[in-house]
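Asker: Please work out how this folds:
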Amino acid sequence: MASSLFADRYRLEDVLSTTVMADVRTATDVVLDRRVVVKLLAPEADRSRFEREAQAAAALAHPNIVQVFDYGEAEGRPYIVFEYLPGGSLEERLAGGRALPDGETARVAADVAAGLAHAHERGVVHRDLKPGNVLFDVEDRAKIADFGIAQLAGAVTLTDAGTVLGTAAYISPEQTRGETATPASDVYSFGVLLYRMLTGRLPFESESPVELAAMHRDAEAPDVRSVRRDVPPALAAVTTAALAKSPAARPADGEALGRALAADRPPVPATDAATLPLPAAVDAPTDVVPPPPPPDRRRRWPSPLVAGLIGALVLAAGGVLVAVLLTNGGSSAPAVTQSTSRPKPASTATTASSTTVPTSSSSSTTTTSPRPTTTTPAPSPPPSPSTTARTSTASTTTASTTTAPTTTTPTTTTGTTTAEGTTTTATSPAP
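Answerer: Residues are numbered from 1 along each chain as shown. Here you go, the predicted structure:
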């Protein structure tokens, strides 16, 4: 068989184990060109149980459970093809009574608990968890193998020396009483496995498988700290809880085991993102000047242009007023003293003007009646060289004294002579 292809695909190679249940060998899958493990059912073994094992293993897909690649029958023998794990078994690592380093023990325990949690969640109970059924892949990850075999071993092989030691050493109390195995039964076997990884020995030891089974059923397991005083307290607590005689007193399943291991696991230093230096792209600059606040639009002064226009209008209005006053004060009549009063508009300031013009012909006084102020003076001819006018202008807002040539404006004058010889003249601007 070694020189030919089994099932027209697998080249069988080294023998890994031979039991009353099956022959296990390494092989090469010539179709996919990879190494695999082929498990062949023994000629006298129960075919239906072998099929249930294949179905149970194929229903599980987890990093901590051995993967099933193929199932079939060739040359009259049913077979199961598994992934090849080159890291060996946990039994090989514990050979000679060696204990594992605590860090490795914690890691393997966490892997096995995760695999059990996946199986229990899907209603699969291993029933024969032991170091020989824990294998390691190329990355040293622990994986559970041989699902469904333990029940066969417990029911059939208690009379077989090779299988009895492997089964009886890890069997749960309820299984020794013939009760149905539950996830808590796998938890008990996990406790025995953890006890051995921590101490290098089993909690119960005997050459008789029947005596071993009785010890698991009736005797309390020695405290793991009585064998090794420096066992990490967290792992010691999980071991004690898993080895409780009553299934109800143990962690219920693989998931509960995983939570217990995670809760009691020492904190692993982790990089705190807050302590790392920020990249340059997100460093806050130190020399950035914040922008000025937006202007307050509720209190805005006029712009310089508007202010200039307003000033020019004010000056122009003042110039017009002075021009009007000068125009009204100028006259060619002899010895005229003019007093002008005008109604006060609501929106303008009141301006009073008094002009005295001396002449050489007479000293008669002429009083003019009020007249409206002209906003724009009309062009006037230049004044007579001999005429000089002194003008004093008073305003409620501006006081100004100006000496300038007399400006005459064409007017219409109506004169009336009184008994005292005074002439009263009313003057109005010519149209």
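
Asker: quick one: secondary structure of the residue lying closest to residue 21 once chain neighbours are set aside?
Answerer: Leaving aside its sequence neighbours, residue 21 sits nearest to residue 45 (C-beta to C-beta, 6 or more residues apart in numbering; 5.1 Å). For glycine as for every other residue, the C-beta is placed from the backbone atoms N, C-alpha and C. Following DSSP: H, G, I helix; E, B strand; the rest coil, the label given to residue 45 is coil.

Asker: could you list every residue that touches residue 45?
Answerer: 20, 21, 22 (C-beta atoms under 8 Å, 6 or more residues apart in numbering).

Asker: ok, these vs residue 260, which is closest?
Answerer: residue 21 (32.8 Å; C-beta to C-beta).

Asker: what's the distance between the closest one and residue 185?
Answerer: 20 Å (C-beta to C-beta, to the nearest Å).

Asker: cool, residue 62 as well?
Answerer: Per C-beta to C-beta, residue 62 is found 20 Å from residue 185.

Asker: same question, residue 245
Answerer: 12 Å.

Asker: Next: residue 86.
Answerer: Separation of residue 86 from residue 185 (C-beta to C-beta): 30 Å.

Asker: Between these two, which has more neighbouring residues?
Answerer: A count of neighbours by other C-beta atoms under 10 Å puts residue 185 above the other of residue 86 and residue 185, at 24 against 10.

Asker: any idea how far that one is from residue 61?
Answerer: Taken as C-beta to C-beta, the span from residue 185 to residue 61 is 23 Å.

Asker: and residue 145, what does it touch?
Answerer: 66, 82, 85, 133, 134, 135.

Asker: what does residue 202 give?
Answerer: Residue 202 touches 169, 192, 195, 196, counting by C-beta under 8 Å, 6+ apart.

Asker: how about it, secondary structure?
Answerer: coil.

Asker: Now it: phi and psi?
Answerer: Dihedral pair for residue 202: phi -90, psi 160, per degrees, to the nearest 10.

Asker: per-residue confidence at it?
Answerer: Looking at residue 202, its pLDDT is 96.

Asker: coming back round to it: go through the contacts of residue 145 and say which is closest to residue 173.
Answerer: Distances from residue 173 to the contacts of residue 145, taken by C-beta to C-beta, are shortest for residue 133, at 20.0 Å.

Asker: residues near the closest one, how many?
Answerer: If you count neighbours by other C-beta under 10 Å, residue 133 ends up with 24.

Asker: can you pull the contacts of it?
Answerer: Going by C-beta under 8 Å, 6+ apart, the list of residues near residue 133 reads 89, 126, 144, 145, 146, 149.

Asker: measure it to residue 77 for me?
Answerer: 22 Å.

Asker: for residue 139, same thing?
Answerer: Going from residue 139 to residue 77 by C-beta to C-beta gives 32 Å.

Asker: Settle it for me: which of the two has more neighbours?
Answerer: Ranked by neighbour count (other C-beta under 10 Å), residue 139 and residue 77 place residue 77 first, with 18 against 7.

Asker: Not counting sequence-adjacent ones, nearest residue to that one?
Answerer: In space, residue 77 is closest to residue 40, 5.1 Å off (C-beta to C-beta, 6+ apart).

Asker: I'd say that neighbour and residue 76 touch.
Answerer: No: with contact defined as C-beta atoms under 8 Å, residue 40 does not count as touching residue 76 (10.4 Å).

Asker: and the two? which has more neighbours close in?
Answerer: Neighbours per residue (other C-beta under 10 Å) separate residue 40 from residue 76, with residue 40 holding more: 21 against 7.

Asker: Next up, the contacts around that one.
Answerer: Counted by C-beta under 8 Å, 6+ apart, residue 40 has contacts 22, 23, 24, 25, 77, 78, 79.

Asker: now, which of the residues you listed lie within strands?
Answerer: Judged by DSSP state E, the contacts of residue 40 include 22, 23, 24, 25, 77, 78, 79 as members of strands.

Asker: Could you identify the most distant pair in those?
Answerer: Most distant of the ones in strands among the contacts of residue 40, by C-beta to C-beta, are 25 and 78, 14.5 Å apart.

Asker: isn't residue 225 right up against residue 231?
Answerer: Yes: under the criterion of C-beta under 8 Å, residue 225 makes contact with residue 231 at 5.5 Å.

Asker: For the two, work out which one has more neighbours and name it.
Answerer: Neighbour count, other C-beta under 10 Å: between residue 225 and residue 231, residue 231 has more, with 21 against 15.

Asker: Distance-wise, check the more buried one relative to residue 216.
Answerer: 21 Å.

Asker: Likewise for residue 193?
Answerer: In terms of C-beta to C-beta, residue 193 sits 13 Å off from residue 216.

Asker: All the helices of the protein, in order from the start?
Answerer: Counting by DSSP state H, the chain has these helices, from start to end: 47-58, 90-93, 102-121, 149-156, 161-168, 173-176, 183-199, 209-218, 224-227, 233-242, 254-264, 304-329.

Asker: Could you pull up the mean pLDDT of the first one?
Answerer: Regarding helix 47-58, the rounded mean pLDDT is 83.

Asker: just the last one next, same as before
Answerer: Per-residue pLDDT over helix 304-329 has a mean of 52.

Asker: Give me the pLDDT for the closest residue to residue 198 other than its chain neighbours.
Answerer: The spatially closest residue to residue 198, leaving aside those adjacent along the chain, is residue 231, at 5.4 Å (C-beta to C-beta, 6+ apart). Looking at residue 231, its pLDDT reads 95.
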